[in-house]
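Student: Prediction below, plus the sequence it came from.
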Amino acid sequence: MTVTIYHNPDCGTSRNTLAMIRQSGVKPVVIEYLKTPPSRERIVELVVAAGMSLRQAIRQKDTPYDALGLGDAAKSDDELLDAVEAHPILLNRPMVETPLGTRLCRPSEAVLDILENPDIGPFTKEDGEVIIDAEGKRIV
């Protein structure tokens, strides 16, 4: 099974998602999207596959979103893609593709819904939040 994660190692949500993928027994393809940004076409493919609009896939927090005026509803998808192309940090993360689907994994445990083996055993996020208890029961 091929699993691909568009990952930012500085993001706790992204690190937790990657850890859950690995704990499921999969060695994913890890694309550090800030170093190797996806093409415009690839961004559109991911967004469509995830069932989102491009606007929903744009990150506002800790990005140049406000400075670029991206909250303006009149901005076209082409203008949004121009902004993401110039500032890859605007692409929300982590995006994960598996044979079962594509998802923006916020919260990180959303990845469990698209893993072939979601029974990964106990899992606690970096911040101490228990996602799966010692008995393998999903808490969230």
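Tutor: Happy to help now that I have it.

Student: Confirm for me that Gly121 is in contact with Ile131.
Tutor: No. With contact defined as Cβ atoms under 8 Å, Gly121 does not reach Ile131; the gap is 10.8 Å. Glycine gets a C-beta too; all of them are placed from N, C-alpha and C.

Student: The two: which is more packed in?
Tutor: Neighbour comparison, Gly121 and Ile131: the larger count goes to Ile131, with 18 against 11 (by other Cβ atoms under 10 Å).

Student: any idea which helix is longest in the chain?
Tutor: helix 12-23 (DSSP state H).

Student: Adjacent strands (with direction) for whatever helix or strand comes next after that helix?
Tutor: Helices and strands here follow DSSP states H and E; after helix 12-23, the next one along the chain is strand 29-32. Paired neighbours of strand 29-32 in the sheet (DSSP bridges): strand 4-7 (parallel).

Student: What score does the residue sitting furthest away from the middle of the chain have for pLDDT?
Tutor: Computed with Cα atoms, centre = their mean, the residue of the chain farthest from its C-alpha average is Glu135, at 27.2 Å. pLDDT, Glu135: 91.

Student: any idea how far it lies from Pro122?
Tutor: Distance of Glu135 to Pro122, given as Cβ to Cβ, to the nearest Å: 8 Å.

Student: how about low-confidence regions in the protein?
Tutor: Residues of the chain that meet the criterion pLDDT under 70 lie in 1, 140.

Student: quick one: the strands in this protein?
Tutor: 4-7, 29-32, 95-98, 101-104, 123-124, 130-132 (DSSP state E).
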